[in-house]
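Asker: heads up, no residue letters with this:
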C-alpha cells in the first residue's frame, strides 16, 4: 500500500469515528437526572460556549479547571459531616485499648452515644478527637483504616453506605464536564487523606485532584523502610478563605467554574468568578426535606447564608434540589 | 446505513488507526539524544514492562506517576541555582526604590556584584533576600515578574535564556513517559510559583503537576477584588525529607519512577522505590565539564554524595552525562 493512499484511508477512518462520536454526544442528554430549567440550562450554556472553537468565550482545555466542594455538594452532610461520624466510629473501635476513656471527656460521651455532649467541649475537644483518630500512624495505615470504614459503615438514617449517599445529578455533572475537557477537582474542608482512598472509584477524581484539610506528616525510617508518619498537628485548613489558598497551592491556576453549597465555599466562588473571561459559579441549595434534607441560613452544618445572598446579587446559579433534581441518590426508587 | 454495518465500519476504521499509531511508535527511537547503553536500556526496559498488558509488572495508567527534580535534573544549576540569580536580578531592579540598600547587607554586596559576600550572611541573609523579592505582592503580580524575567534574563556563562538550558535528553524522556501513559510531576526544592509560569511551555508540565517550596499566602479583598497576598513566611520546604511529604500532599499516591541528581533527591528515591511492584530510580551524574559542568561529592550546589553511594548499593540507574548523552542542551552545535 502506498503512503498517500494509506494516509487517505486513515483520515477517512478518523473522520467517520469523530462524526459518530459527535452525533452520539448531541443525541444523548448527559444530565438525565436534572429537570429542564434555569439551573440545567445555565450549566449547558456555559459548557457549550467555552468549548466552542472560534467562539470569543472559548477556553483551551488546559485552563478548563472546575472545583467542587465535597460535603453537601457531592455527597450529603446531615445529620453531621460524615468525617465526624468516622471519628466517633473510630473512637468506639479504639476504646478497648483505652479503658481510661470511660471517665474522660469527650471520649466518655462518644462511648455513651451522646454526640452532642461530645462536641460540647468546643474546638479543643474536637481537635483531641481528630488527632486521636487521625494521627500517630503512617499514611498507609490511615488509608487502610479509611478504606475499611468507607466500605462497611452505614448512615444512621438511611442505612446506606456513605458512598451511596453521593448525588446522582452531581456525578452526571462531573462526567459531563470531563467529557468536555474539564479537569475536575475536589476542594473540601474535609480531610484530604480521608477522601483520597475512595474519590477515584466514586467520583472518578484521582487523589492528585483532591484538595482538603491536612495534618502534618514526617518522613522517617522504620526498620529500614521509609514511612510518612501522621503527626498530631494541623497543617492546613481548606475552608472559607483557605479554599482559594488551597487551590493556588495545589492547582496554581484559577478555576473557571466552581461548585459549592455553603458559606464555606463563598471565597472559592469569589476567587473563581473574579478571573477574566467566562466564569461559572453554582450553589446547591438543600430544599428537599423529603428526599434529602432542607437547611440553609441557620444550620450548624453546611450553613448557607452570606453565599446565598451573594449568589442573588451576582447572578450565580442556585440549584433548588427539590425542583431541579429528578433523583437525589443513585438507584433509589423515589 | 444500517446500524450494524456502520458499527463494522467504525470498528475497522479504529483498528486501522490503532495499528498505524502502534507501528509508528515501534519504528521511531523516542530517546534520540540518548546514546545506547545501560542507562537508556534500563529506562526502556522499565517502561515496556509496566505498560505491557497482561505482564505481571503491568501498572494501570492512573498509577503511572513519575516525579522529576528540576535544578540539575531538568535544567542546569551552575554556577548557582537559577532562582538565586533571579533574586539578585530582582534586587538590582528594585534598588532605585531602596537607596538604603547601598549601605545594608546583604543587599549592598549584591549591588556591587559580590554574590559570594551576599551569601556569606548565611540563612538569615538569604531569607531576607528571598522575602524581599518573593513576598509583599499578589500571586498574579509575582507571576508577571517571573514571566518577564524568564523571557529576557540570560545565563552569565552561556548567554542563553535559562529556559534554553534545559536538558534535551530529559525533554525526550518526559515526552516518552507521557506517550506511555505516565503523568509527569516536578518535585523541586525551588519555589513552586517560580516554576509554574513556564513549566507547561518548556516541559509540557502544567502548574497542577508542579510541587515545590512555598511561602504562605492570604486571601483578601483589595478594592472589592479578591487577591492572594504573598506573605514573608515560609510555608513548606520541598527538599530532602520534605520531598516525600510534598509528594503525598500534592499527589497522594506513591510514584513508580523518580528522577534526581543530588542528595536533595535521596528521600524521594527511597520513598519511590520502597513501594511494591516495579519501581524505577535514576540519578543524573554531572560528569561533563566540557558541554556542561562536572561536580558531585563536594559541590555546594547540587551535592551528590550519599545518593550516589545508595544508587550503587541499590542498583539505581546512574546516568553519566558525558557518556550517555549525545547532546546536552537543545539545538546546540556540539
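Answerer: Good, I have the coordinates. Keep in mind that this is a model prediction, so the values were computed, not measured.
Asker: let me see the backbone angles for residue A:211.
Answerer: phi -120, psi 130 (degrees, to the nearest 10).
Asker: is it true that it touches residue A:184?
Answerer: No. If you go by Cβ atoms under 8 Å, residue A:211 and residue A:184 don't touch, sitting 11.7 Å apart. In short, each C-beta sits where N, CA and C put it, glycine included.
Asker: who touches both of these two?
Answerer: residue A:67 (Cβ atoms under 8 Å, 6 or more residues apart in numbering or on different chains).
Asker: tell me which of the two has more neighbours.
Answerer: residue A:211 (26 against 23; other Cβ atoms under 10 Å in any protein chain shown).
Asker: can you list the residues of the stretch 201-334 of chain A near chain B?
Answerer: Within reach of chain B by Cβ under 8 Å from any Cβ of the partner chain, the stretch 201-334 of chain A has these residues: A:206-210, A:214, A:217-220, A:225-226, A:228, A:235, A:241-242, A:244-245, A:248-253, A:267, A:270-271, A:274.
Asker: can you tell me which of those residues are buried?
Answerer: Using 16 or more other Cβ atoms under 10 Å in any protein chain shown as the burial test, those include A:206-210, A:214, A:217, A:219, A:226, A:228, A:235, A:241-242, A:244-245, A:248-253, A:267, A:270-271 as buried.
Asker: show me the residues you listed that map onto strands.
Answerer: Judged by DSSP state E, strands contain the following of those: A:210, A:214, A:217, A:219, A:226, A:228, A:235.
Asker: state the distance from the residue nearest to the third one when sequence neighbours are not counted to residue A:84.
Answerer: Leaving out its chain neighbours, the residue that sits closest to residue A:217 by Cβ to Cβ, 6 or more residues apart in numbering or on different chains is residue A:228, at 4.5 Å. Residue A:228 sits 25 Å away from residue A:84, going by Cβ to Cβ, to the nearest Å.
Asker: same question, residue A:216
Answerer: Going from residue A:216 to residue A:84 by Cβ to Cβ gives 21 Å.
Asker: same thing with residue A:243?
Answerer: Residue A:243 is 20 Å from residue A:84, by Cβ to Cβ.
Asker: higher neighbour count, the two?
Answerer: Using other Cβ under 10 Å, the more surrounded residue of residue A:243 and residue A:84 is residue A:243, with 29 against 19.
Asker: wait, that one touches residue A:187, no?
Answerer: Yes. Counting by Cβ under 8 Å, residue A:243 does reach residue A:187; the two are 5.4 Å apart.
Asker: now do the shared contacts for these two.
Answerer: Both residue A:243 and residue A:187 are in contact with residue A:268, where contact means Cβ under 8 Å, 6+ apart.
Asker: wait, what's in contact with the residue lying closest to residue A:149 once chain neighbours are set aside?
Answerer: Using Cβ to Cβ, 6+ apart and skipping residues adjacent in sequence, the residue nearest residue A:149 is residue A:86, 5.7 Å away. Applying Cβ under 8 Å, 6+ apart to residue A:86 gives the contacts A:133, A:146, A:149, A:153, A:194.
Asker: what is the burial count for the first one?
Answerer: Same thing as residue A:133. 20.
Asker: ok, it to residue A:95 distance?
Answerer: In terms of Cβ to Cβ, residue A:133 sits 12 Å off from residue A:95.
Asker: now do residue A:173
Answerer: Taken as Cβ to Cβ, the span from residue A:173 to residue A:95 is 40 Å.
Asker: who has more neighbours, the two?
Answerer: Each of residue A:173 and residue A:95 has its neighbours counted (other Cβ under 10 Å); residue A:173 has more, 25 against 15.
Asker: nearest spatial neighbour of residue A:50, skipping sequence neighbours?
Answerer: Using Cβ to Cβ, 6+ apart and skipping residues adjacent in sequence, the residue nearest residue A:50 is residue A:59, 4.2 Å away.
Asker: count of neighbours near the closest residue to chain B within the stretch 51-200 of chain A?
Answerer: Of all residues in the stretch 51-200 of chain A, residue A:196 sits closest to chain B, at 4.6 Å by Cβ to the nearest Cβ. Neighbour count for residue A:196, taken as other Cβ under 10 Å: 24.
Asker: which SSE is residue A:231 in?
Answerer: Counting by DSSP states H and E, the element that carries residue A:231 is strand A:225-236.
Asker: kindly apply the preceding question to residue A:174 instead.
Answerer: Using DSSP H and E, residue A:174 falls in helix A:168-179.
Asker: and the average pLDDT for that helix is what?
Answerer: For helix A:168-179, the mean per-residue pLDDT is 98.
Asker: and what of stretch A:199-218?
Answerer: On average, stretch A:199-218 scores 98.
Asker: stretch A:327-334 now?
Answerer: On average, the pLDDT along stretch A:327-334 is 76.
Asker: what about the helices in the stretch 51-200 of chain A?
Answerer: Using DSSP state H, counting those that start in this stretch, the helices found in the stretch 51-200 of chain A span residues A:82-94, A:107-112, A:115-119, A:122-134, A:139-150, A:168-179, A:192-203.
Asker: can you check the stretch 201-334 of chain A too?
Answerer: Going by DSSP H, counting those that start in this stretch, the stretch 201-334 of chain A shows helices at A:242-250, A:266-273, A:306-314, A:321-324.
Asker: make TSV from these and add distance to residue A:12 and mean pLDDT to it.
Answerer: Shown next, in TSV, are the helices of the stretch 201-334 of chain A (distance: least, Cβ to Cβ, whole Å; pLDDT from 0 to 100):
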stretch	distance to residue A:12	mean pLDDT
helix A:242-250	43	98
helix A:266-273	42	98
helix A:306-314	49	98
helix A:321-324	43	98
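Asker: mind checking those for the one nearest to residue B:299?
Answerer: Ranking these by proximity to residue B:299 (Cβ to Cβ) places helix A:242-250 first, at 31.0 Å.
Asker: show me what that closest one is packed up against.
Answerer: Packing partners of helix A:242-250 (3 or more Cβ pairs under 8 Å, 6 or more residues apart in numbering or on different chains; DSSP states H and E): strand A:183-191, strand A:210-222, strand A:225-236, helix A:266-273, strand B:210-222, strand B:225-236.
Asker: off-centre distance for that helix?
Answerer: For helix A:242-250, the separation from the chain centroid amounts to 15 Å (computed by Cα atoms, centre = their mean, to the nearest Å).
Asker: kindly report the same for stretch A:287-303.
Answerer: Distance, centroid of stretch A:287-303 to centroid of chain: 18 Å (Cα atoms, centre = their mean).
Asker: what of stretch A:184-198?
Answerer: Per Cα atoms, centre = their mean, the centroid offset for stretch A:184-198 relative to its chain is 6 Å.
Asker: list the buried residues for that stretch?
Answerer: Buried residues in stretch A:184-198 (16+ other Cβ under 10 Å): A:184-198.
Asker: what helix or strand is the residue of the stretch 1-150 of chain A found nearest chain B located in?
Answerer: The stretch 1-150 of chain A approaches chain B most closely through residue A:13 (3.2 Å), counting by Cβ to the nearest Cβ. Of the helices and strands defined by DSSP H and E, residue A:13 is found in helix A:3-27.
Asker: and the average pLDDT for that helix is what?
Answerer: On average, helix A:3-27 scores 64.
Asker: quick check: residue A:235 touching residue A:212?
Answerer: No. Applying Cβ under 8 Å as the test, residue A:235 and residue A:212 come out as separate, 10.6 Å apart.
Asker: surely residue A:239 is in contact with residue A:187?
Answerer: No. Residue A:239 is beyond contact range of residue A:187, at 9.6 Å (criterion: Cβ under 8 Å).
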